[in-house]
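1. need a structure here:
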Amino acid sequence: MAAVDDLLQRLRAIDRAIDALSEPAFNEQEIQDHLIRGIAVNGLVCVESFLRTRMREWVSALAGARVPPSRLPGGTKQYEDRLIEVLPRSLRDQDVVQRSALLDEVGKSLTSLSTGIFVPHALAFSWSGYNVQSSDIESIASLVGVERNKVWSDLTRIWQLVDQQFPGNSSLKRVFEEVAELRHIAAHSANPNIPIPNLTTISRNVKIVCLCVDILASFKLRNIMYVQSSGGVRSQALSIKIRRIVRDGGKWPEYAPGVKRAAKRHNSLEEAMQLAAGRARLTGELVLATNSGDVVDWSCPIP
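-> Numbers count the residues shown, from 1 in each chain. All right, here's what the predicted structure looks like:
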């Protein structure tokens, strides 16, 4: 999952930038202002970059499954409407040659709605404005079978399931909006007054938002890909089995879903993720790696 690897690398860079704020070499006010502004803006940039890469991975898996258009939750019209909604902004971002190619690809995708094999396009999982908004997250989730008015409650329940540090009485929508608000303050205010403690939450908040959206979309897409008929795909309850990897000293023991005894103790996180992901993909499990309760890596059953 290149999207997850890239996201985690970006978040480590944000954490290093926050550390730099306390270093003597960067204590000049102008340098501090530039660092603060860049950190605040890059939180939402990380979310958008993750979604762009991950949506291409989702679409690749969905295309490989060669599902019929009838399998789409909400029918073909919802997919068609979403493509048409986000297409204008995407066309503005392209040069003449790219626009022609994009229109050709979108045309093939729309034409496939009346054939036996659906050809998805990543554009449907994109956003219509210049920055992703909470309504765009709702649209993405709606495409894979989540009712719009339940998207954020479903995402919050996933947050509670996967995060040992879940604060309780919280909403993931508010966490996302905090990331977006910091970006907009930093981007549009001449003198953004952003306290450093607010910056220290960006990395964790971005990771939790991306993790939960990934889990929701991936597991719902898996339903679309492997449920044999269209009936009941939208209403099917989300069942998430978690294969956990928990750091224990210098080892990374792996626990199968619901099992308290480690199936294997790995020498490194990389080794643990690679081997656990291979096993989990066969049975449709989420692989979740934690260190002292903090999520440090994950892999969904759609690679």
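
2. and the residue nearest to Val132 when sequence neighbours are not counted, how many neighbours?
-> The shortest distance from Val132 to any non-neighbouring residue, by CB to CB, 6 or more residues apart in numbering, is to Glu48 (5.3 Å). Glycine gets a C-beta too; all of them are placed from N, C-alpha and C. Counted with other CB atoms under 10 Å, the neighbours of Glu48 add up to 16.

3. Glu48 falls within a helix, correct?
-> Yes - under DSSP: H, G, I helix; E, B strand; the rest coil, Glu48 falls within a helix.

4. quick check: it touching Tyr130?
-> No - Glu48 is not in contact with Tyr130 according to CB atoms under 8 Å; the separation is 9.8 Å.

5. how close does the residue nearest to Val132 get to Gln98?
-> Computed as CB to CB, to the nearest Å, the Glu48 to Gln98 distance reads 19 Å.

6. now swap in Asp136 and tell me
-> 22 Å.

7. which one of the two is surrounded by more residues?
-> Relative neighbour count places Asp136 above the other of Asp136 and Gln98, with 20 against 12, counting by other CB under 10 Å.

8. ok, Trp136 - contacts?
-> Actually, residue 136 is Asp rather than Trp. Ser126, Trp127, Ser128, Gly129 (CB atoms under 8 Å, 6 or more residues apart in numbering).

9. the host helix or strand of Leu35: which residues count as buried?
-> Taking DSSP states H and E as the definition, one finds Leu35 inside helix 29-65. For helix 29-65, burial by neighbour count (16 or more other CB atoms under 10 Å) applies to 35-37, 39-51, 53-55, 57-59, 61-63, 65.

10. and the next element down the chain from it?
-> helix 75-92.

11. need phi/psi at Arg243.
-> phi -100, psi 110 (degrees, to the nearest 10).

12. got a pLDDT number for it?
-> Per-residue pLDDT puts Arg243 at 97.

13. kindly report the same for Val227.
-> 66.

14. residues contacting the nearest residue to Arg82 once chain neighbours are set aside?
-> For Arg82, ignoring the flanking residues on the chain, the nearest one in space by CB to CB, 6+ apart is Ala124 at 4.9 Å. Going by CB under 8 Å, 6+ apart, Ala124 touches Tyr79, Arg82, Leu83, Val86, Ser109, Leu143.

15. would you mind giving the residues you listed as a markdown table with neighbour count, pLDDT and distance to Ile208 added?
-> Compiled in a markdown table, the contacts of Ala124 are given as follows (neighbours: other CB atoms under 10 Å; pLDDT from 0 to 100; distance: CB to CB, whole Å):
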| residue | neighbour count | pLDDT | distance to Ile208 |
| --- | --- | --- | --- |
| Tyr79 | 21 | 95 | 28 |
| Arg82 | 21 | 95 | 25 |
| Leu83 | 19 | 95 | 29 |
| Val86 | 20 | 95 | 25 |
| Ser109 | 21 | 97 | 32 |
| Leu143 | 22 | 94 | 22 |
